[in-house]
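Peer 1: how would this look folded up:
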Amino acid sequence: MRPLNSLLSLAVLALSASAAFAQTTYPLTLDNCGVEVTLPAAPAKVLTIKSTATEMLLALGLGSHIAGVGFQDGPAPEPWKAEAAALPVLSDKLPSQEVVLEVEPDFIYGGWESNFAADGAGERPTLAALGVATYVSPAACRSIKPAKLTFDEVFAEIAEMGEIFDAKPAAGALIAEQQAVLDAIPTDERGLTAVWYSSGTKAPYVGAGSGAPQMMLEALGLDNIFAAEDEGWFAASWEAVVDADPDVIVLVDATWNSAEQKKKLLAENPVTSKLDAVINQRYLIVPFPASEAGVRNVGATADMATQLAGLSFTP
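Peer 2: Sure, this is the predicted structure:
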């Protein structure tokens, strides 16, 4: 079993406990990806872009605030599946500013900073001038490079959502629940190596050393063969994967590039078909929405720990 991740974890939990029933004071001003955001009251009509944003609010019991969703990466899991399926879908891809403004939202929660572009949902200053507050998942900031992601940062986003929506008790309870699950995940002590295969065919797009893949691999006790790359993800080469010969391959299961498709490619590719992990099917599967920073990371890590325990390794 693992101890609390750090002193920051203790501080987050202590703050959650002490402020669990404290109400948010408005107007609330916060810094988000270098942008000052001021909220006159708790958002009432929200648009969520990307599954991570939608699922964060559903996990906090704030589904009634969501007036529309866009660019969802797949169906939500239980216990949010039915509620998520009933939400109005503005666009299967990134909704345009025109579509967004037709809903008259007071808050837009984006999973990627690039969601807020002139040819997307709209630029943040433009939306602010129209009275629409915006928020980007901090791990997805690009104008200001985020620090290496940790579960403490994921929990901090939960806490900030609780403050924004005057839902601190729900946020505190969710953080405590997720911390307990995280603490119970066993760390593999065998010194196993892994590659996180997100997408790509001619060249693999892999989890690097500073984002959600690295955070989750570290929690499992797996050594990421691309940990030295100071990015969340990057384009590698099959030759580099073969040279590293990882013990385990994490496959991201996406609707547009499933885990089964990845298995087929690895088995048929002459470069990768000889890998011991491919021959022996030593795969861990993670849903795409759980591979990005958000409320599903802890549960996905626990699930992968169970998968890892079931793999067979020859001496």
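
Peer 1: tell me where the stretch 1-150 of the chain has helices.
Peer 2: 7-18, 51-59, 81-85, 97-102, 124-129 (DSSP state H, counting those that start in this stretch).

Peer 1: those helices: lowest mean pLDDT?
Peer 2: With a mean of 50, helix 7-18 has the lowest mean pLDDT of the helices of the stretch 1-150 of the chain.

Peer 1: report the beta-bridge partner residues of Ala194.
Peer 2: Taking DSSP bridges as the rule, Ala194 bridges to Asn224, Val248.

Peer 1: ok, it to Gly68 distance?
Peer 2: 38 Å (Cβ to Cβ, to the nearest Å). Where C-beta positions appear, they are placed from N, C-alpha and C, glycine not excepted.

Peer 1: comparing those two, which residue is more hemmed in?
Peer 2: Under the criterion of other Cβ atoms under 10 Å, the comparison of Ala194 against Gly68 puts Ala194 first, with 28 against 21.

Peer 1: tally of neighbours for the closest residue to Ala85 other than its chain neighbours?
Peer 2: Nearest residue to Ala85 in three dimensions, chain neighbours excluded: Pro75, at 6.9 Å (Cβ to Cβ, 6 or more residues apart in numbering). Residues lying near Pro75 (other Cβ under 10 Å) number 13.

Peer 1: just the C-alpha atoms of stretch 296-313, please, in CSV.
Peer 2: The C-alpha trace of stretch 296-313 is given here as CSV (Å, rounded to 0.1, in the frame of the first residue of the first chain):
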residue,chain,number,x,y,z
ARG,A,296,-11.0,9.3,-14.1
ASN,A,297,-7.2,9.0,-13.6
VAL,A,298,-7.3,7.4,-10.2
GLY,A,299,-9.9,4.7,-11.1
ALA,A,300,-8.0,3.9,-14.3
THR,A,301,-4.8,3.5,-12.5
ALA,A,302,-6.4,1.1,-10.0
ASP,A,303,-7.9,-0.8,-12.9
MET,A,304,-4.5,-1.0,-14.6
ALA,A,305,-3.0,-2.3,-11.4
THR,A,306,-5.4,-5.2,-11.4
GLN,A,307,-4.6,-5.8,-15.1
LEU,A,308,-0.9,-5.8,-14.3
ALA,A,309,-1.3,-8.3,-11.5
GLY,A,310,-2.9,-10.7,-14.0
LEU,A,311,0.0,-10.6,-16.5
SER,A,312,2.4,-13.4,-16.8
PHE,A,313,6.2,-12.8,-16.9
